[in-house]
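**Student:** just to be clear, the model below is a prediction. Sequence and coordinates:
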Amino acid sequence: MSGTWTKHDMDFLGGHRQRRTRQAAWSRAMVRQTVLTPADLIWPLFVIEGQNERSAINTMPGVERLSIDLAVEAAKQAASEGIPALALFPNTPGHLRSENGEEAYNPDNLMCRALSAIKQAVPDIGLIADVALDEYSANGQDGLVRNGEILNDETIEVMVKSAIVQARAGADIIAPSDMMDGRVGAIRMALDAEGHDKTAIMSYSAKYASVYYGPFREAVGSGERLQGDKRTYQMDYANSDEALREVAQDIDEGADMVMVKPGMPYLDIVRRVRDDFNIPVFAYQVSGEYAMIEFAAKAGAFDRTAAMMEALYAFKRAGCDGVLTYHALEAARILNGERV
């Protein structure tokens, strides 16, 4: 066949017109492969001391640190929209931070009080407790430091104690985010020994050393304290096979679900984990990703709401069972058909 192609020629070749199912909203909905609902969203909250206190985070427009009473109200809003779980992160006051991070296992620390208050007020929402030392250390590192070296096993001992007080306070899921070797197994053993065998572990299994964490570090107060970097324990962003080894190890040690962090720059890792392992997979749309959407929209680069929803669908399309996102409440309201 030569010359100009005509409609007759296209029909002769089999009539394959991929656009037919895209012509109307109802047909696009009918053949849509990826479904996003509020149940796919986890809302991270930053908690501070005080009463009726909220403080803005300069690098995360629209996100605030909340005192425990306001975090309780946020939990009620989340539950009303069908969001199944919250992930809590404390901004520990400076005078309680130390080189040894002992505030991490104080049963009356900010995290534990927040867990207890929310669980009492909103018992049906899941609570995910972050376990790492950067929120309690004087140096901003996720582990104990000696002579400039991050100590693996000594850090795990502190994390185990931290996980226990969090479980006692009402955490439904313990989420170790430190990337120390062997911490999932140690935490699982300790939880079971304490009678917390129903408490799940969501392991930050593939957590990369990333520039995208910057706004988060401001939010929890660790950024200005950080001495050195975290490349000796967080993953090299040039690697992907290593992520699969990390996930496999955490599953062997008892993880109930695994996480890839950051999110969109690592969707290839999400896909590989989904394809290789029969376990729930989550991704964290981290603070830097959130900030990029907010600041780009503010500059007029694109429609903010459209960009927000497109990004969340990308996580589900890549294979995520759920997404930790600061846009959770707003996205849930959109999915529920409310005006935002």
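**Tutor:** Structure's in. What do you need? Computed from a predicted structure; not experimentally measured.
**Student:** now residue 261: closest residue in space that isn't a chain neighbour?
**Tutor:** residue 284 (4.2 Å; Cβ to Cβ, 6 or more residues apart in numbering). C-beta: built from backbone N, CA, C; applies to glycine.
**Student:** what about residue 128, which SS state?
**Tutor:** strand (DSSP: H, G, I helix; E, B strand; the rest coil).
**Student:** show me what contacts the residue nearest to residue 261?
**Tutor:** By Cβ atoms under 8 Å, 6 or more residues apart in numbering, residue 284 lies in contact with 44, 204, 259, 260, 261, 262, 263, 323, 324, 325.
**Student:** touching, residue 323 and residue 283? I think so.
**Tutor:** Yes. If you go by Cβ atoms under 8 Å, residue 323 and residue 283 touch, sitting 5.7 Å apart.
**Student:** neighbour count for these two, which is higher?
**Tutor:** Set residue 323 next to residue 283 and count neighbours by other Cβ atoms under 10 Å: residue 283 wins out with 30 against 23.
**Student:** beta-bridge partners for the more buried one, please?
**Tutor:** Applying DSSP bridges to residue 283 gives these bridge partners: residue 260, residue 323.
**Student:** so where do the strands sit in the stretch 101-250 of the chain?
**Tutor:** 126-131, 144-146, 149-151, 173-176, 200-207 (DSSP state E, counting those that start in this stretch).
**Student:** so which of the ones you listed comes closest to residue 336?
**Tutor:** strand 126-131 (18.8 Å; Cβ to Cβ).
**Student:** direction included, what does that closest one pair against?
**Tutor:** Sheet pairing of strand 126-131 (DSSP bridges) gives strand 85-90 (parallel), strand 173-176 (parallel).
**Student:** next, the distance between the ends of stretch 259-274.
**Tutor:** End-to-end distance for stretch 259-274: 11 Å, by Cα to Cα, to the nearest Å.
**Student:** then stretch 243-262?
**Tutor:** Across stretch 243-262, the terminal residues are separated by 13 Å (Cα to Cα).
**Student:** sorry, back to before: out of the strands paired with strand 126-131, which is closest to residue 296?
**Tutor:** strand 85-90 (24.4 Å).
**Student:** tell me the SS of residue 75?
**Tutor:** Assignment for residue 75 (three-state DSSP): helix.
**Student:** model confidence for residue 10, exactly?
**Tutor:** With respect to pLDDT, residue 10 scores 57.
**Student:** do the same with residue 338
**Tutor:** On pLDDT, residue 338 comes in at 86.
**Student:** is it fair to say it lies in a strand?
**Tutor:** No. Secondary structure of residue 338 (three-state DSSP): coil, not part of a strand.
**Student:** may I have the phi/psi pair for the nearest residue to residue 99 once chain neighbours are set aside?
**Tutor:** Nearest non-adjacent residue to residue 99, counting by Cβ to Cβ, 6+ apart: residue 138, 5.4 Å away. Per-residue torsions, residue 138: phi -80, psi -20 (degrees, to the nearest 10).
**Student:** related to what we said a few turns ago, now the strands of the stretch 101-250 of the chain as JSON lines including mean pLDDT and distance to residue 96?
**Tutor:** Listed next are these as JSON lines, based on pLDDT from 0 to 100; distance: least, Cβ to Cβ, whole Å:
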{"stretch": "strand 126-131", "mean pLDDT": "98", "distance to residue 96": "16"}
{"stretch": "strand 144-146", "mean pLDDT": "93", "distance to residue 96": "16"}
{"stretch": "strand 149-151", "mean pLDDT": "94", "distance to residue 96": "21"}
{"stretch": "strand 173-176", "mean pLDDT": "98", "distance to residue 96": "21"}
{"stretch": "strand 200-207", "mean pLDDT": "97", "distance to residue 96": "24"}
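**Student:** deepest-packed of the ones you listed, please.
**Tutor:** Mean neighbours per residue, mean count of other Cβ atoms under 10 Å, is largest over these for strand 200-207, with a mean of 26.
**Student:** check which helices and strands it sits against.
**Tutor:** Packing contacts for strand 200-207, counted by 3 or more Cβ pairs under 8 Å, 6 or more residues apart in numbering; DSSP states H and E, involve strand 173-176, helix 183-193, helix 241-253, strand 257-261, helix 267-276.
**Student:** let's have those in a markdown table, adding distance to residue 51.
**Tutor:** Shown next, in a markdown table, are the helices and strands packed on strand 200-207 (distance: least, Cβ to Cβ, whole Å):
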| stretch | distance to residue 51 |
| --- | --- |
| strand 173-176 | 27 |
| helix 183-193 | 32 |
| helix 241-253 | 39 |
| strand 257-261 | 32 |
| helix 267-276 | 40 |
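**Student:** of all the strands of the stretch 101-250 of the chain, which one is nearest residue 292?
**Tutor:** Nearest to residue 292 among these is strand 200-207; the distance by Cβ to Cβ comes to 19.1 Å.
**Student:** now do the buried residues in stretch 272-279.
**Tutor:** 272, 273, 274, 277, 279 (16 or more other Cβ atoms under 10 Å).
**Student:** and which of those is nearest residue 40?
**Tutor:** Among those, and counting by Cβ to Cβ, the member closest to residue 40 is residue 274, at 14.2 Å.
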